[in-house]
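> Structure, please.
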Amino acid sequence: MHKFSTVSLIAIPLILTLLISLIPVMHIRIHVSKASGENEEWVYYGFAPRANFSSYYTPVGHVFTKSSGRNRVTVIGYNDSTRVTVYDLTGNKMKVIESFTIDRMKVHSVGFPNEKEANISIPVFFKVVSDKPVAVLLSSGSYNVSEISVAGQSIYYPSTDGGFAGKEFIFLAVPATNIHARKGWDYAVYAIEDSVIEIRDKNDKLLKTITLPANSSKRLELFSNKIYRVKSTGRIIIGSWSSWSFTVCPSHMGGHVGRLFYANPYQTALIGSPILLILAQEKPAHVKIFDMETESLLIEKDLQPREMWFINRKVKDLEGLRVKIESSENIIVYTGSTLVPENTPDTPGQIGSGVSFIIVKANQPTTIFSVSNAYVIAPIGNAEIRINGMRITLPKGSCKNISPGKITLTSNETVIVETISEVNYFSEASTLYQFAGLRGFATYLIPANRVELTYPPPKPSEAKGEGGLNYTLIGGVAAVIVIAVAVLVILRKRS
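Next up is the predicted model:
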């Protein structure tokens, strides 16, 4: 009896220790299994608007056009031997544009057709279908990815789990800032959780290791037209920024509606200003904006349901600051800059050019803003949609043009809204002229099978002394207890 009790005394704590130590491993395995996408079809929908077409209006009314490259999708492989097909869905007809196979960390670009008599892109509704997850970049005009791109785009990069706030990222870096101001430091990582981050090149060579506590940020030395792999022990968000552009911020919990966001409003030109545009959703929200470098509160405001808060340089100058936006209730956040000619009001209608996406979850009224144009896409099911009281029906796999401006949209199925700004200006002999077209854009697409992706709550930060279970510590304490008990048993037997 005494022998059985001694064995039990040693075995039970040992078993508990093993179980405790396996908890984080089990969590990671479950996460990877869901993100791997094996035996899944991955579908990415998008609308390529008429871009690289710019009409310049001078005071005497002269009109002329310039073009700067066609619309295209660029696919980046996460896995070897990934089969990909790009379809043109325009006019409710499905036509194969190109099929190909891509390997891990490789890139393949597919150009969309232009008009025959001019290098002007034809609007195309399309989908990209793959048998394994990939990253899909839609770009056009002067923002097409190359080392000589003359302009940049504010953008967030997708993680390999299909969201924008994961632990691994494989992406093609998009031009950031105008070429004359490009320094290679116009990219940033934002830590949702305590993270040790590795940055690797296309050959998997380690370039840099960074350690960040939760809710902190650091600039990254990345360069346009390069493939990078970023791996982290905690969840992170990666973005780049540029003047004269905009993007919609991803939520740290998935999608674009949430209570915590990270951004880098940017505008170095004399015209316009760096901006945040914040839209409250269905409940009153108290919003705070913090400088991530100093952790100081910059500005705060109470918003009524569906109220829009436009923060430009006059409200609060956010130039060059990486900021954290916290809210007591759900909001949507846009970041970027405005383009404002002299003696023209600085308003949300002057937000710089670009294309971005917003996930609207099923049965959740969502208030959004579009500067120039917008399209709603039904990626997973037939959608019955109400927009400011107007009803539309959208079959699965189709899209429809909707009104720009501020709207509230409700759908019985989760849908994606593609929001577009065509605000551009041209400087000639120190005089600023307004574009009548979209010069270019760049944005990563959202996989249809991940539009409802929701991340678990962030782990409590050890670096900042927050509470919460630390399984490593628990496992270590349990191991010490096992050893202590074993030593006591041996000493007792000898005595």
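> beta partners for the spatially most central residue of the chain?
Note on the chain: the residue nearest the mean C-alpha position is Tyr156, at 3.7 Å, using C-alpha atoms, centre = their mean. With DSSP bridges as the criterion, Tyr156 is bridged to Gly239.
> looking at it, it is touching Gly166, isn't it?
No - in this structure Tyr156 lies outside contact range of Gly166 using C-beta atoms under 8 Å: 11.8 Å. Just so you know, the C-beta spots here come from the backbone N, C-alpha and C atoms, and that holds for glycine as well.
> where are the low-confidence patches of the stretch 251-400 of the chain?
Judged by pLDDT under 70, the stretch 251-400 of the chain has its weakly predicted residues at 267-270, 342.
> For it, which segments are assigned as strands?
Listed in chain order, the strands of the stretch 251-400 of the chain (DSSP state E, counting those that start in this stretch) span residues 258-263, 274-280, 285-291, 297-303, 308-311, 323-337, 354-360, 366-370, 373-377, 383-387, 390-394, 399-402.
> right, so of the ones you listed, which gets closest to Thr414?
Between Thr414 and the strands of the stretch 251-400 of the chain, the shortest gap by C-beta to C-beta is with strand 354-360, which sits at 6.7 Å.
> so Ile271 touches Ser337, yeah?
No - the criterion here is C-beta under 8 Å, and Ile271 misses it with Ser337 at 9.3 Å.
> And these two? Which one has more around it.
Neighbour comparison, Ile271 and Ser337: the larger count goes to Ser337, with 29 against 19 (by other C-beta atoms under 10 Å).
> Show me the beta-bridge partners of the more buried one.
Under the criterion used here (DSSP bridges), Ser337 is bridged to Pro274.
> Could I get the contacting residues of it?
Applying C-beta atoms under 8 Å, 6 or more residues apart in numbering to Ser337 gives the contacts 243-246, 265-267, 269, 272-275, 351-352.
> any chance of the residues you listed in CSV, plus distance to Leu212 and neighbour count?
Below are these laid out as CSV (distance: C-beta to C-beta, whole Å; neighbours: other C-beta atoms under 10 Å):
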residue, distance to Leu212, neighbour count
Ser243, 26, 22
Trp244, 29, 29
Ser245, 26, 32
Phe246, 26, 29
Pro265, 21, 28
Tyr266, 21, 27
Gln267, 26, 26
Ala269, 30, 16
Gly272, 31, 24
Ser273, 29, 23
Pro274, 23, 26
Ile275, 26, 27
Ile351, 30, 29
Gly352, 29, 27
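> Out of those residues, the closest to Ile377 would be?
The shortest separation between Ile377 and any of the contacts of Ser337 is 19.3 Å, and it belongs to Phe246 (by C-beta to C-beta).
> coming back round to it: so which of the strands of the stretch 251-400 of the chain is nearest Leu138?
Judging these by C-beta to C-beta, what sits closest to Leu138 is strand 354-360, at 7.0 Å.
> The closest one vs strand 383-387, what angle?
Between strand 354-360 and strand 383-387, the angle formed by their directions is 110 degrees, by axes from the mean of the first three to the mean of the last three C-alpha atoms, to 10 degrees.
> In its sheet, which strands sit next to strand 354-360, and in what direction?
The partner list of strand 354-360 in its sheet, established with DSSP bridges, is strand 415-421 (antiparallel).
> thinking again about what came up before, for the contacts of Ser337, please prepare a markdown table with the additional fields distance to Leu318.
What follows is the contacts of Ser337, written out as a markdown table (distance: C-beta to C-beta, whole Å):
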| residue | distance to Leu318 |
| --- | --- |
| Ser243 | 13 |
| Trp244 | 16 |
| Ser245 | 15 |
| Phe246 | 14 |
| Pro265 | 4 |
| Tyr266 | 9 |
| Gln267 | 9 |
| Ala269 | 15 |
| Gly272 | 13 |
| Ser273 | 8 |
| Pro274 | 5 |
| Ile275 | 8 |
| Ile351 | 14 |
| Gly352 | 15 |
